[in-house]
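**Q** okay, here's the prediction I keep looking at, along with the sequence it came from:
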Amino acid sequence: MEPMLPESGLEGRNRLRQDLAGWLWVSPWVVGFAVFMLVPIAMSLYYSFTDFPLLEGALWVGTDNYRRLLGDADFWLTLRNTVIFVGVSIPVCTVISITIAALLNRSRGRDFFQAAIFLPSLVPLAAGAIIFSWLFNGEYGLVNRVLATVGIDGPPWLLDRNLALPAVIVIGVWGIGQAVVLYVAAMQDVPEQLYEAADLDGMGPFRKFWNVTLPMISPVILFNVITMSIGAFQAFVVPFMLFDRVKGGPDRVAYFSTHYLFDNAFAFDRMGYASALAWVQLLIVLAFTGVVFLVSRKLVFYRGS
Amino acid sequence: MAAEPPSTGLAATRSSRATRWSAHALLVVMAILWLAPLAWMVVTSLKPADQAASASLRLLPDPASSTVSQIVENYSGVWNDEAVQFPIYLRNTLIVAILSVAGMTLSSAMVAYGFARIPFRGRGPFFALTLATMMIPFPVIMGPLYVLFGHLGWIGSLKPLWVPAWFGGAFNIFLLRQFYMGLPKELDEAARLDGCSHWGIFWRIIVPLSRPALAVVALFHFIYVWNDFLAPMIFLTHRDDFTLALGLQMYQSKSGNTPWNLLMAAGTMVVAPVVVLFFLAQRSFVRGIAAGGGRE
Amino acid sequence: MVNDLASIAGMTRRAAVGGLAAAALGFVAFGPRGGKERSDGRIVLDYWEKWTGLEGRAIIRIVDEFNASQDRIWVRYFSTSGIDQKTKVAIAGGDPPDIVGLWNPNIAGFAASGAILPLSDLAERPEHAIRLERYAGAMRPMMEYKGKVWAAVHTGGSVALYCNKAHFREVGIDPETSLRTIADLDRANHLLTQVEPDGTVNRVGFLQSEPGWDNYHWGTFFGGELVDGESNRSLLGSAENIAAYEWVQRGARRFGEGDGIPDADESRNALLRGSSFGQLQKFRSGFGNYDSPLNAFLSGKVSTVAQGPWLANVIQAYRPDLDYCVVPFPVVDSLVDPEHPRGLVNADVLVVPRGVRHPEACMEFIAFTQTQRAVEYLSTVHCKNSTLADVSPEFVAGHANRGLATFAKVAGSSNAFRCPHTPAWMQFKDVCDTMFGDVWTGKDAAATLVKAADAKAQDVLDQSAAAGRRRGRA
């Protein structure tokens, strides 16, 4: 990155002093990175090859945990649920947040509406989960009360296997405020000349949006998709509290990888197995991010390129 | 963020009146949809248990004159619950928040200075590594972290929740580095000619100039601490150490369960500080998100 | 001008933020703290429990009495949710409480891994020792694992069937004499269930999904068991258990399919067929919390419920006028034995984790809780059976549950059903819960689901045994 200077005499000494100063300034993070990231990851890799019941020591068992994982129906179930959740909620959140941002971008009273959409994203998920468990209550929930006023007999959302996962996704959509703010900011940055040029080409508003706005904000879409997905892969507290009486909800459709990992580590006496699950989860997240980056090369438009 | 253009800009004049109005109407609906859950939480928290669990859409308890006494009854009921001690959890949450926010802001600011202003060897690869850690999900390391904290004798204390913050966080380091990169280097160089050390430049130039960015880091880290659930759930074993988010879960699942009106009152109490903070610092929030979004 | 306003707004905002920060600091400095700092030279013991509310207060009273009865030990009471998991994490993390109130099925896991101490080795003074013969017969096995005593039973209870007598009068059935077999219950359920022509469910005679606490116990009423402790074999897939869960599934499917019982009422069946599982689930979502007037049994939404003696506390609190009776849970024809009824027995147990500094002080406190007076006081307030062999006449006379005799009979029965004491219980229960959920929602035929769960349960048991063998345990 920096130009390499010939290291001779005074310059070499300066160079060394600079290295020392630099590493000194970043030293808190060197320690933080090593102790709270690197060491745990290494430990987790080691544990994944052990039988480690938490209350007793870890014993080496080779690749047992990974082999067991292949035939573990609960692993596949939770992985499938998680993938479905990520696969549905990310596109849904992305489309909705871009739509809202597009509406906000050219509206009067933008600050107010933006604030209204943004505020819920700051609400603790634990509180969000209990709020929605109340809203979605089959008998007394607000959703069904409102539906009743227009003559619709609402379903028991959280007890229905087909509606439980959508309910979790709705809570995710409720919390998209940060993405919306980001999209609005990106849309504000689109140079006005581009729209003027598009006008000259006779484009309507939707084509302009498609041909000008979307390409211009595509780096932000990439950023949001990646951060949202990393978050969605870890989803835990919402389903955990939403279905506090029946784990994972009806048919366990909302029993996710992190919850299964937690159960194995801290309830089922299988920290070793949980660590194998953790590594698989890590690899999946890395692979997913890699794929998104690869795909994005073709789709994302960077200014100046 | 730059000053906002007038809301009826060129874009608006181009679109037809009808689209503009329908867009506006849509936004009103959206705003209502997004705020309704919070509003209904508050509404429910004002009612007696039997009215909360009835099919009515009333906003106030019946009779409305009982509103104040019902508020007092519900909220003092939650605050003084003998099993789930919200006052203690509030104090714990504040302790963690203060220590953690202070540590996170200070250490991230210093580390970001190192990355932004000192061209040391290995800087590029180490910064890339730092960014890469943002992709590591917490669940992957929570088990080993627990074992590690156990060895350190921290299980059963609040330390696991705030000590790590004193060693910086990847995202905040990234955010502040971006901000510092935007500050003119000439200022540093002038100070350097005046004989200022890195320490002096950091405190006299960088920190004062980056106060908005530091506020953003502090704010978001505060929200993060306030909302965090999984880490307290794993690392805190002692009931007297619980945080509010955990207290909320305990309140929901305590033996015999909890009536909806009280659960919503507890929820309101946990959410209220966040809402207040939002109104006070709305601009910082928006600015912070825009800055963190990697728009470059 | 505009700038001035903006700067004033900015200053106000900064002042408000500053005020908030000051308030936060003030609250940290002067706000309420937990009991951690407190100590007056005594040995301080932390005692963790799951109980809050009424039950919690009763235990706190015992704790207070103990603290007042001597000047050497100070016990502090803490209630927490998810007690078994929290305790495990605390012990493994090296910061265990001194005394913990677990459930009896947890003992095996903690004992096998050496996470709790055998009580028989702890009592230094003979009067603190736990003597098994003092306890009711059904309670003794719940304190033991592999021939050692690990826990003191705190309170305990059995499960039987509560019946709403007004509902039964409507349909002309006397629950106390003619509710002995599953067929009797099915018949009553058929008559008690009320469905509207549009499919809306108004009342159900009996629901296997309520209260949903012990989804693994239905097999016992059909003669099934869960685990053969000797061979470590899962018995979940037995014909008896399959029959039980097929019956559970019928309880859900009758909404939409009707009842297939002999001499079913055609008009009732037509209404049931006009309803659906979705309608049933919607009806269930209106059930209130256990401890509330909206409790499904209290509000009359279900006419019967399988519950422990403690339900009488809730009835007393919210519906003291409710006319109910309690009968042993019905069983299949071949198992009817009025002298030896069947039903789940569970206990709330006290254990001492490894690593505590004052085990003998823990034993002193535990011994205090095991006196007849303390046990009967707790059992009265918790509204449970006494766990001791000797029961005072005052206890029986003063008990709030009119079905106490039934519960005592179930608890003392040679047919009483206990959770198997296996280290893998948490996972085993999880397998049963999943299976129950799938059976209930009709994911597949009950027999298929039970067999699949049996294979999974066996795997869980095998894994746990392998982990034990690796560590040199038989």
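**A** Yes, it's here.
**Q** and the chain, what are its domains?
**A** Since you didn't name a chain, this refers to chain A. Domain assignment for chain A by automatic domain parsing gives A:1-41, A:65-299.
**Q** correction: the question concerned chain C.
**A** C:37-156+C:345-417, C:160-344+C:419-470.
**Q** spatially nearest residue to A:Gly32, not counting backbone neighbours?
**A** Nearest residue to A:Gly32, sequence neighbours excluded (Cβ to Cβ, 6 or more residues apart in numbering or on different chains): B:Phe167, at 2.6 Å. For glycine as for every other residue, the C-beta is placed from the backbone atoms N, C-alpha and C.
**Q** thought the one you found was touching A:Ser27?
**A** No. The criterion here is Cβ atoms under 8 Å, and B:Phe167 misses it with A:Ser27 at 9.2 Å.
**Q** which of those two has more neighbours?
**A** Between B:Phe167 and A:Ser27, B:Phe167 has the larger neighbour count (other Cβ atoms under 10 Å in any protein chain shown), namely 22 against 16.
**Q** now do the contacts for that one.
**A** Contact partners of B:Phe167, counting by Cβ atoms under 8 Å, 6 or more residues apart in numbering or on different chains, are A:Pro28, A:Trp29, A:Val31, A:Gly32, A:Phe33, A:Val35, A:Phe36, B:Gly103, B:Ser107.
**Q** what about the strands in chain A?
**A** In chain A, the strands defined using DSSP state E lie at A:50-51, A:59-60.
**Q** C:Ile83 is nearest to which of those?
**A** Nearest to C:Ile83 among these is strand A:50-51 (25.4 Å), distances taken as Cβ to Cβ.
**Q** could you identify the helix or strand that succeeds the longest helix belonging to chain B?
**A** Longest helix in chain B by number of residues (criterion: DSSP state H): helix B:86-117. Following helix B:86-117 in sequence order, the next helix or strand is helix B:123-132 (DSSP states H and E).
**Q** just the C-alphas of that following helix, formatted as PDB.
**A** Taking C-alpha atoms only, helix B:123-132 is exported to PDB below (Å, rounded to 0.1, in the frame of the first residue of the first chain):
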ATOM      1  CA  ARG B 123      -1.100  -1.900   8.300                       C
ATOM      2  CA  GLY B 124      -2.900  -2.900   5.100                       C
ATOM      3  CA  PRO B 125      -3.200  -6.700   5.700                       C
ATOM      4  CA  PHE B 126      -4.100  -6.100   9.400                       C
ATOM      5  CA  PHE B 127      -6.800  -3.700   8.500                       C
ATOM      6  CA  ALA B 128      -8.200  -6.100   5.900                       C
ATOM      7  CA  LEU B 129      -8.200  -8.800   8.600                       C
ATOM      8  CA  THR B 130     -10.000  -6.400  10.900                       C
ATOM      9  CA  LEU B 131     -12.700  -6.000   8.300                       C
ATOM     10  CA  ALA B 132     -12.900  -9.700   7.800                       C
END
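**Q** quick revisit: and the two most separated of the contacts of B:Phe167?
**A** A:Phe33 and B:Gly103 (15.1 Å).
**Q** per-residue pLDDT, the spatially most central residue of chain B?
**A** In chain B, the C-alpha nearest the mean C-alpha coordinate belongs to B:Ile223, at 1.2 Å (Cα atoms, centre = their mean). We have a pLDDT of 93 for B:Ile223.
**Q** the helix or strand it falls within near chain C anywhere?
**A** Assigned by DSSP H and E, B:Ile223 falls within helix B:211-227. No. With Cβ under 8 Å from any Cβ of the partner chain as the criterion, chain C is not reached by helix B:211-227; the gap is at least 9.1 Å.
**Q** send the alpha carbons of that helix over as CSV?
**A** Provided in CSV are the C-alpha atoms of helix B:211-227 (Å, rounded to 0.1, in the frame of the first residue of the first chain):
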residue,chain,number,x,y,z
ARG,B,211,-16.6,14.6,17.9
PRO,B,212,-19.7,13.9,15.7
ALA,B,213,-18.2,10.6,14.6
LEU,B,214,-17.3,9.7,18.2
ALA,B,215,-20.9,10.5,19.2
VAL,B,216,-22.2,8.2,16.5
VAL,B,217,-20.0,5.4,17.8
ALA,B,218,-21.0,6.0,21.3
LEU,B,219,-24.7,6.1,20.4
PHE,B,220,-24.7,2.9,18.4
HIS,B,221,-22.7,1.1,20.9
PHE,B,222,-25.1,2.2,23.6
ILE,B,223,-28.0,0.8,21.6
TYR,B,224,-26.1,-2.4,21.0
VAL,B,225,-25.5,-2.9,24.7
TRP,B,226,-29.0,-2.0,25.5
ASN,B,227,-30.4,-4.5,23.0
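**Q** alright, that wraps it up for me.
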